[in-house]
Every structure is written in C-alpha cells, then in structure tokens.
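[1] coords please:
(4 chains)
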Protein chains: 2
Amino acid sequence: MAESNELIDKLREFGVRITPQRAIILEVIEDLTGHLTAEEIFAEVQKINAYISLATVYRTLDLLKSMGLISEANLGSATTYYAVRDHGTHHHAVCRVCHKTIELPHELFEPIADALRTKANFKADVNHLVVFGWCESCAPQTECGENHLRNN
Amino acid sequence: MAESNELIDKLREFGVRITPQRAIILEVIEDLTGHLTAEEIFAEVQKINAYISLATVYRTLDLLKSMGLISEANLGSATTYYAVRDHGTHHHAVCRVCHKTIELPHELFEPIADALRTKANFKADVNHLVVFGWCESCAPQTECGENHLRNN
DNA sequence: TTATCTGCAAACGATTTGCGGCAGC
DNA sequence: GCTGCCGCAAATCGTTTGCAGATAA
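    Below is the predicted model:
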C-alpha cells in the first residue's frame, strides 16, 4: 500500500508510529469524498484488511482529530461524521425532519468567521459548519416549527 | 402546581394529556435559562417529585420537540442540549478542545438565514446555531488546528 | 370506559477502555 | 529492546423501548 500519502507525512511530523493499520485507515480517509461515520470508515478499511478492529479506527480518528487533520460534525443524529480538513470547505444545512443535508457555499460564512475572530477571539472551524432547520419539503406551513406532531 | 403556564396551554391545543409528570417537567423547562441536558432536567424534576422517571423526561422532551416548542442542539459532545424556543435567540461558538461555549449575537446570522431562505428554500432554525472552533486559550499557535497533540 | 401515559428494567448504538501480547523505531 | 500500538471483549454513556399497570379525559 502507498506508504507516502499526505496524511502519513503529517503523522511522521508528529512523531507517531506508522503502523500498517494506520496506513490503511489513512488511505481510506484520504480517498473519502463526503462525510463518513466511523462505522463506514471501518467497513471500507475491512475491505482492505479484515483484521483491523473498530477500536483502532476510533483511536486513529481520535489521533487525527487531535492533530487537526480531520474535523468532525454532529449532524443532528447520535452519530459523528468525519471529514478531511482540506478537502475543501463544506458547510451544511441539515433538515431536522428528514435529515437531508444541503451543501452551502463558503462565502456565506466568511463574515461570521471574521466577526468571531476579531470580536470574540475565537477561531471558527470554517471547514465544517452546520445549520439546522427545515428543508423545502419538510417545512411546516405555519410559523417555523409549530406543527410537527404527525411524525410520532 | 401552576397548571396554566404557556407550554401547558400549547399542549392542550395539541390535544395531548396534561399529566402531573408533564406539568412538572414543563414547569422546570419554562424556568430554565440556558441549555440543559435531559439529565439536568431530570435532576431538577426530581427535586419536585422523586418518582418521575428519566424515560418520561425523554418522552416529554420528544413530545415538545415534535411540537416545535423546544429546540435541541448537539454541542459537540455525545449529549443533546435542549432550550425553549422563544427564550430569545442564542447561538454558540463551541471550542473543540475545552468545550467552552460563547454566546453569539443574533445579527451575525441574519444574512445566512436570509440567503438560505431565498436561495435554497431552507428554513434555518435561527434559534439554535452552533459553530465549532477553538477558543482564545485553546487556539493552536500554528495554522488553525495543527498542533493539538498534547491532550492525549 | 378507554386510549394514552407512566415506571421499570432491559435493550440499544456509538464510543471508550483495560489488558496482555505484538511490532515499529 | 523499549514504548507505543493493537485486538479483543467488556464497560460506559446517553437514549429508546416493551410491557403491564395506572390514570386523564
């Protein structure tokens, strides 16, 4: 397997060990386009080597997270989604009802990121923002969020 | 106990039963100022009546959620936070490292909500937005999100 | 009366952890 | 060879659910 992708170089910089497991996980993660859950990454990894455990996937994701190489997002459900940080900026509008997600242009968020940086001294993770709400087909007819009782 | 707060009236409109348990939970929820977890609401409820179960709290929160009376937010951790919808608009910047949350002025988000409404036909839940990032004291010195290895 | 609600305890899904053995460096 | 890493299985945490009895309407 290619032992020299971008992420692996970053790991070297951090001085952590490059194990075959990590190499495979990194390979998978670098190829992923959208947002994947740990389980999805695990499934992908297992196609390459079935003897890698889910715990290792979680530990590697934690590692990458603490190095800032990937970002995570809670898109409303219990599950956490992961994405490589420099695979472009992707923001989301997530529907509270059907969980459909809409990708949003980056420019929308620049004023907010600026304001946060200058006024609150807060470095927004502009690679991964989430806005909850209601999509076109799930939007209630009445005042926003007033009549959702049907889905019980 | 006061059987006539705002939320109870709303429940009546929806035709669901007003049980003592619900009355107590609603009372607690109406008084809460910030964001509470189900457990915190449960603890508060137990001070009034120790025989109300956590499951009932969750079921009531679900009910209120589906009626749009409360909103929920995942502030990065596994836990879900709840807030009454018309206790003003409160947005958050949440630090990925220390989980400190900063309250944000509403005006910042109006352009985004507008753009979402007009361009994507998406009704943003402007009562409860979350931006992840790094706060002043946890911000890495290097490029955003580059050097976080210490907290392992 | 009767459909809805409750408490209990067990189930659940995602994630974490303790531990003995293994293997990069 | 030392230290950090792995796989396994059990533990944890927040949340949901099945069921049988209770109760608001």
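
[2] the domain parsing of chain A - what is it?
    Domains of chain A are assigned by automatic domain parsing as A:1-86, A:89-152.

[3] as a markdown table, these with mean neighbour count would be great.
    For the C-beta atoms, the positions are set from N, CA and C on the backbone; glycine is no exception. Formatted as a markdown table, the domains of chain A follow (neighbours: other CB atoms under 10 Å in any protein chain shown):
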| stretch | mean neighbour count |
| --- | --- |
| domain A:1-86 | 16 |
| domain A:89-152 | 17 |
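
[4] where in chain A is pLDDT low?
    A:1-4, A:33-34, A:75-78, A:85-90, A:96-99, A:126-129, A:138-152 (pLDDT under 70).

[5] that one: helices as residue ranges?
    A:6-14, A:20-31, A:38-48, A:54-66, A:110-115 (DSSP state H).

[6] hmm, the third one touching DNA strand C?
    Yes. Counting by CB under 7 Å from any atom of the strand, DNA strand C has neighbours in helix A:38-48: A:38-39.

[7] and that helix with helix A:20-31, angle?
    110 degrees (axes from the mean of the first three to the mean of the last three CA atoms, to 10 degrees).

[8] need the contact partners of helix A:38-48.
    Applying CB atoms under 8 Å, 6 or more residues apart in numbering or on different chains, the contact partners of helix A:38-48 are A:1, A:24-25, A:27-29, A:32, A:36, A:52, A:54, A:57-58, A:61, A:79-80, A:82.

[9] ok, and of the residues you listed, which contact DNA strand C?
    Okay, of these touching DNA strand C (CB under 7 Å from any atom of the strand), that's A:54, A:58, A:79-80.

[10] quick one: which of those is nearest chain B?
    A:Thr80 (8.4 Å; CB to the nearest CB).

[11] show me what the closest one is bridged to.
    For A:Thr80, the beta-bridge partners are A:Asn74 (DSSP bridges).

[12] does it really touch A:Lys65, like I thought?
    No. Counting by CB atoms under 8 Å, A:Thr80 stays clear of A:Lys65, with 9.7 Å between them.

[13] overlap in contacts, these two.
    With CB under 8 Å, 6+ apart, A:Thr80 and A:Lys65 have common neighbours A:Glu72.

[14] hmm, back to that, distance to DNA strand D added to the domains of chain A, as CSV?
    Listed next are these as CSV, based on distance: least, CB to the nearest atom of the strand, whole Å:
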stretch, distance to DNA strand D
domain A:1-86, 3
domain A:89-152, 10
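
[15] adding distance to B:Ala120, write those out as TSV.
    Below are the domains of chain A laid out as TSV (distance: least, CB to CB, whole Å):
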stretch	distance to B:Ala120
domain A:1-86	16
domain A:89-152	5
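
[16] residue numbers of chain A in contact with DNA strand C?
    Going by CB under 7 Å from any atom of the strand, the residues of chain A near DNA strand C are A:17-20, A:37-39, A:54-55, A:58-59, A:62, A:78-80.

[17] if we can go back for a sec, B:Phe132 is nearest to which of the domains of chain A?
    domain A:89-152 (4.6 Å; CB to CB).

[18] give me the most central residue, chain A.
    A:Tyr82 (2.9 Å; CA atoms, centre = their mean).

[19] surely that residue meets A:Val28?
    No. Counting by CB under 8 Å, A:Tyr82 sits too far from A:Val28 to count as a contact (10.8 Å).

[20] relative to B:Glu110, which of the domains of chain A is closest?
    Of all those, it is domain A:89-152 that lies closest to B:Glu110, at 10.4 Å by CB to CB.
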